[in-house]
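Q: Sequence isn't available, so here's the structure alone:
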């Protein structure tokens, strides 16, 4: 789960059942640069739900009953903060592993193959050049570096820079790290996805559902939205 990502995408609401929980959530939102207008917990009391208005970069609140029928996922404050802490601990663990990898072990770099716990496998510039295949793209994960990505097309390797374009060997530092860009899901309409008899999900959902679950889930949507969802190429099936 990644509740923080869903929250910042405006797809998830957080239920603050106490005033203390609301104040803590407001403080967290301010700490990440979000606008937080004044509102009172006593307006909706234990049904107080907060949602991020991503188009306005501010927090909004409403009664829990307003969010549930409108396709919003609602989680409690404790569930939300527990998930965020878990994500932070995972990030710390990855950072620790990366740090250990960069140490010398009897004068030899620790092999990347030993770093099984790293969620996104990283590659050096030399590794990317040696392994890249037709149609692949590797994204630079060093935000301050000028190189943006490396891709291969028509058997030629292309170096994509953020600003200037100059000789790659002169500007790509040895410690630059890349990850392989994952392909976009192959979307289809609902009918084609249903025929495959696998769990499926709409592109706006976070979890796969059985055909029965998906049908029941969208049955509460407005009729016009149901028609649009069933006919748009926005469905993928679980492998």
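A: That came in fine, so what should we check first? Being a predicted model, the structure only gives us computed values, none of them experimental.
Q: show me where pLDDT drops low in this structure?
A: Residue ranges of the chain with pLDDT under 70: 1, 87-120, 143-144, 163-171, 174.
Q: Where do the domain boundaries of it fall?
A: 3-87, 120-180, 190-237 (automatic domain parsing).
Q: would you turn these into CSV with mean neighbour count?
A: Heads up, the C-betas are built off the backbone N, CA and C, glycines and all. Formatted as CSV, those follow (neighbours: other Cβ atoms under 10 Å):
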stretch, mean neighbour count
domain 3-87, 16
domain 120-180, 14
domain 190-237, 14
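Q: Quick check: closest non-adjacent residue to residue 162.
A: residue 148 (5.0 Å; Cβ to Cβ, 6 or more residues apart in numbering).
Q: Sticking with that neighbour, tell me its helix or strand.
A: Per DSSP states H and E, residue 148 falls inside strand 147-153.
Q: now swap in residue 50 and tell me
A: Assigned by DSSP H and E, residue 50 falls in strand 48-53.
Q: other SSEs contacting the helix or strand following that strand?
A: Counting by DSSP H and E, the next helix or strand C-terminal to strand 48-53 is strand 58-63. With contacts taken as 3 or more Cβ pairs under 8 Å, 6 or more residues apart in numbering; DSSP states H and E, strand 58-63 sits against strand 48-53.
Q: same for the strand it packs on, what does it pack against?
A: Short answer (3+ Cβ pairs under 8 Å, 6+ apart): strand 48-53 packs on helix 3-8, strand 12-15, helix 19-31, strand 58-63, helix 64-67.
Q: Check what contacts the first one and list those residues.
A: Counting contacts by Cβ atoms under 8 Å, 6 or more residues apart in numbering, the residues outside helix 3-8 that touch it are 12, 14, 51-52, 54, 73, 75, 79-80, 83-84, 87, 206.
Q: now those as TSV including distance to residue 142?
A: Formatted as TSV, the contacts of helix 3-8 follow (distance: Cβ to Cβ, whole Å):
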residue	distance to residue 142
12	30
14	33
51	33
52	28
54	27
73	33
75	33
79	33
80	30
83	27
84	25
87	21
206	29
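Q: What is the nearest of those residues to residue 42?
A: Set against residue 42, the nearest of the contacts of helix 3-8 by Cβ to Cβ is residue 14 (17.6 Å).
Q: The closest one and residue 48 touch, don't they?
A: No: distance between residue 14 and residue 48: 9.2 Å, which falls outside the contact criterion (Cβ atoms under 8 Å).
Q: which residues in the protein form strands?
A: 12-15, 48-53, 58-63, 73-76, 104-105, 108-109, 123-124, 137-140, 147-153, 156-161, 177-180, 200-202, 235-237 (DSSP state E).
Q: Which one, of the ones you listed, ends up nearest to residue 189?
A: strand 235-237 (6.4 Å).
Q: So what touches that closest one?
A: 185-190, 192-193, 196, 198-203, 208.
Q: hmm, back to that, list the contacts of the residue nearest to residue 162.
A: 139-140, 160-162 are the contacts of residue 148 under Cβ under 8 Å, 6+ apart.
Q: 10 Å - rerun?
A: For residue 148, the contact set (Cβ atoms under 10 Å, 6 or more residues apart in numbering) comprises 139-140, 159-163.
Q: Relative to residue 37, which of those residues is nearest.
A: residue 162 (35.5 Å).
Q: what's the distance between that closest one and residue 140?
A: Plainly put, residue 162 is 9 Å away from residue 140 if you go by Cβ to Cβ, to the nearest Å.
Q: Now list whatever residues contact both of those two.
A: Going by Cβ under 10 Å, 6+ apart, residues that sit against residue 162 and also against residue 140 are 146-149.
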